[in-house]
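Enquirer: okay, structure incoming, though there's no sequence with it:
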């Protein structure tokens, strides 16, 4: 069955970095785009980045441009989200999700369980 499993979250000081992983199984990763989202408890989920399937084109929400880098390794069935210069407002649960239209229409059909990122001194 389709599965997405996030990992790599944790507690980090402001200014630090983390690299989140999204391990895919049960489908051919190279055929799908993958998006990263984050959600703070009690707030709406926010899309932060998406990476297309065939050309690997990356898209970012404006507030994370320059600090977040999405990448994919189809041979390893994994998508990554590198987060640099972390800020306290980046604290959230981060989710990855499978997308069917190469990031164009936001049609996400499977989600991971999330990984917690906490930025605090």
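Expert: Noted; the coordinates are in hand. All values reported here derive from a predicted model rather than from experimental measurement.
Enquirer: alpha carbons only for contacts and neighbour counts from here, please
Expert: Fine.
Enquirer: show me where the protein has its strands.
Expert: 3-7, 10-12, 18-25, 33-39, 46-51, 58-60, 68-73, 78-83, 92-99, 108-111, 115-119 (DSSP state E).
Enquirer: okay, which residue is most central for this protein?
Expert: residue 36 (2.7 Å; Cα atoms, centre = their mean).
Enquirer: OK, contacts around the nearest residue to it once chain neighbours are set aside?
Expert: Of all residues not flanking residue 36 in the chain, residue 96 sits nearest, at 4.4 Å (Cα to Cα, 6 or more residues apart in numbering). For residue 96, the contacting residues are 4, 5, 6, 22, 34, 35, 36, 37, 111, 112, 114, by Cα atoms under 8 Å, 6 or more residues apart in numbering.
Enquirer: over to residue 69?
Expert: Residue 69 neighbours (Cα under 8 Å, 6+ apart): 80, 81, 82, 83.
Enquirer: got those residues as CSV, with distance to residue 67 and pLDDT columns?
Expert: Putting those into CSV (distance: Cα to Cα, whole Å; pLDDT from 0 to 100) gives the following:
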residue, distance to residue 67, pLDDT
80, 14, 98
81, 10, 98
82, 8, 98
83, 6, 98
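Enquirer: redo those residues as TSV? Include neighbour count and distance to residue 47.
Expert: Output for the contacts of residue 69, formatted as TSV (neighbours: other Cα atoms under 10 Å; distance: Cα to Cα, whole Å):
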residue	neighbour count	distance to residue 47
80	22	15
81	23	13
82	15	15
83	20	14
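Enquirer: between these, which is nearest residue 13?
Expert: Nearest to residue 13 out of the contacts of residue 69 is residue 83 (Cα to Cα; 12.4 Å).
Enquirer: give the contact list for the spatially closest residue to the closest one that is not a sequence neighbour.
Expert: Spatially, and ignoring its direct neighbours in sequence, residue 83 is nearest to residue 68 (4.6 Å; Cα to Cα, 6+ apart). By Cα under 8 Å, 6+ apart, the residues touching residue 68 are 60, 81, 82, 83, 84.
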